[in-house]
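In: Have a look; sequence and predicted model below, questions after that.
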Amino acid sequence: MPRSAPEFWRHRGLRALALFPLSLLFSLLSAARRWFYRAGVLRVERLPVPVIVVGNIAVGGSGKTPVALWLAAELKARGYTPGIISRGYGGRVEGGAEVTSGGDPGHFGDEPVLMAAVSGCPVFVGRDRPATGRALLTAYPAVDVIITDDGLQHYRLGRDVEVVVVDEATLGNGLRLPAGPLREGVGRIAASTLVMAHGALSAGLRRRLVGTPVFEFSLAGDVFERVANRSERCEPARFRGRRVCAMAGIGRPERFFGQLEAMGLTLERRPFPDHYSYTVADLAIEDGDVLLMTEKDAVKCRPFAPADSWVWPVRARVAPGAAELIVEKLDGPPTA
């Protein structure tokens, strides 16, 4: 699976059409696999605490990790003790392992290290999600709800709530892999508990989601923080009129660049593939320049980032009612 969306996934051109027979085969196999789990042919493993899956149907860039962090904070505010599990994409962990704040992103994956630093929750990574969840609960028996970052298609892990994160731009040409970016069809979104929409959805997609609660969210931040010393903060005005290099190794780097330009900054854009492994040369800037990056990049680049490197931490700002609906699914409807 590519780490960044190929250009031909945006349209139904010749390359997409040439790969369409493979997409039909992928669709058949994925549908059969899901049916086998639903019919009990393949065993679903349930953990002794509720499980909330935060996932998507498309490859990359929808905002799953910020939503998982938002959800962890909301649950903690309501008296829960959440833990987080993740596959740890890009890492080298073979079994289940705890991620420490400041851990090696090359070992655990960049997103788990970010979640461990930000959430204040125990974070474990591993390919076998049920086993990873059990390892977390053994180490932290007070945890009473598990959030799994990604894993919508990991049907072996039983779940109580499904939160599907949708950025409509990532749906591309609407075809399944490898002809398009979709792991599952758009109809799968409507089968979820609720949808978190990264920006407004089109009227056509809204019609396909009738009956499924949809909550819009955005990613925003107020200040920049120096990569080498996160306690040092500044406003965007500090960088106006300066030569600014902006780098992003995320699913949709153009969204990050657009947000910076909306602050009045003039950028040299440096897009990289999602989960990219940076080198010192990738971060090189001229004297007097400033380098801006995402928080996911900062956890990897801090050891060798130039002195005038800054990170823009963003958090999910979610429409009212989403957290209450999730808690209701966990606890049952409130009594009169």
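Out: That came through, no problem. Numbering: from 1, shown residues only.

In: any idea of the mean pLDDT in stretch 287-295?
Out: Computed over stretch 287-295, the mean pLDDT rounds to 96.

In: Contacts for it, please.
Out: 114, 118, 224, 227, 239, 242-250, 256, 260, 265, 267, 283, 285, 301, 305-306, 308-314 (C-beta atoms under 8 Å, 6 or more residues apart in numbering). To be clear about C-beta, it is placed using only N, CA and C from the backbone, and glycine gets the same treatment.

In: do the same with stretch 186-202
Out: 57, 62-63, 67, 161-168, 171, 174, 205, 208-219, 316, 318, 322, 325-326, 329.

In: Would you list the buried entries among the contacts of stretch 287-295?
Out: 114, 118, 224, 227, 239, 244-250, 256, 260, 265, 267, 283, 285, 301, 305-306, 308-314 (16 or more other C-beta atoms under 10 Å).

In: Narrow these to those in helices?
Out: Among these, the members falling in helices (DSSP state H) are 114, 118, 256, 260, 301.

In: ok, of the residues you listed, which one's closest to Trp9?
Out: Using C-beta to C-beta, the shortest approach to Trp9 within those belongs to Phe256, at 19.6 Å.

In: still on that earlier bit, adding pLDDT and distance to Leu47, write the ones in helices among the buried ones among the contacts of stretch 287-295 out as CSV.
Out: Below are those laid out as CSV (pLDDT from 0 to 100; distance: C-beta to C-beta, whole Å):
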residue, pLDDT, distance to Leu47
Leu114, 96, 24
Val118, 96, 23
Phe256, 96, 35
Leu260, 97, 40
Cys301, 97, 35
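
In: Nearest to Pro141, out of the residues you listed: which one, please.
Out: Val118 (23.3 Å).

In: show me what contacts Leu75?
Out: Neighbour list for Leu75: 82, 145, 147, 323, 327 [criterion: C-beta under 8 Å, 6+ apart].

In: which stretches of this protein have low pLDDT?
Out: In the predicted model, the chain carries pLDDT under 70 at residues 1-4, 333-336.

In: quick check: domain ranges of it?
Out: Following automatic domain parsing, one finds the domains of the chain at 7-80+144-219+318-331, 222-313.

In: Span of the last one from start to end?
Out: So that's domain 222-313. From the first residue to the last, domain 222-313 extends over 8 Å; the measure is C-alpha to C-alpha, to the nearest Å.

In: ok, Arg33 - contacts?
Out: Arg33 neighbours (C-beta under 8 Å, 6+ apart): 42, 155.

In: Name the residues of the helix or strand harbouring it that come out as buried.
Out: According to DSSP states H and E, Arg33 maps onto helix 14-39. Applying a neighbour-count criterion of 16+ other C-beta under 10 Å, the buried positions in helix 14-39 are 16, 19-20, 23, 26-27, 30, 34.

In: now swap in stretch 265-283 and tell me
Out: For stretch 265-283, the neighbour count (16+ other C-beta under 10 Å) marks 265, 267, 269-272, 274-276, 278, 283 as buried.

In: Looking at the residues you listed, spot the one nearest Leu136.
Out: His275 (22.6 Å).

In: Format the buried residues of helix 14-39 as a markdown table; extra columns: distance to Gly96.
Out: Shown next, in a markdown table, are the buried residues of helix 14-39 (distance: C-beta to C-beta, whole Å):
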| residue | distance to Gly96 |
| --- | --- |
| Ala16 | 38 |
| Leu19 | 35 |
| Phe20 | 38 |
| Ser23 | 33 |
| Phe26 | 28 |
| Ser27 | 31 |
| Ser30 | 25 |
| Arg34 | 24 |
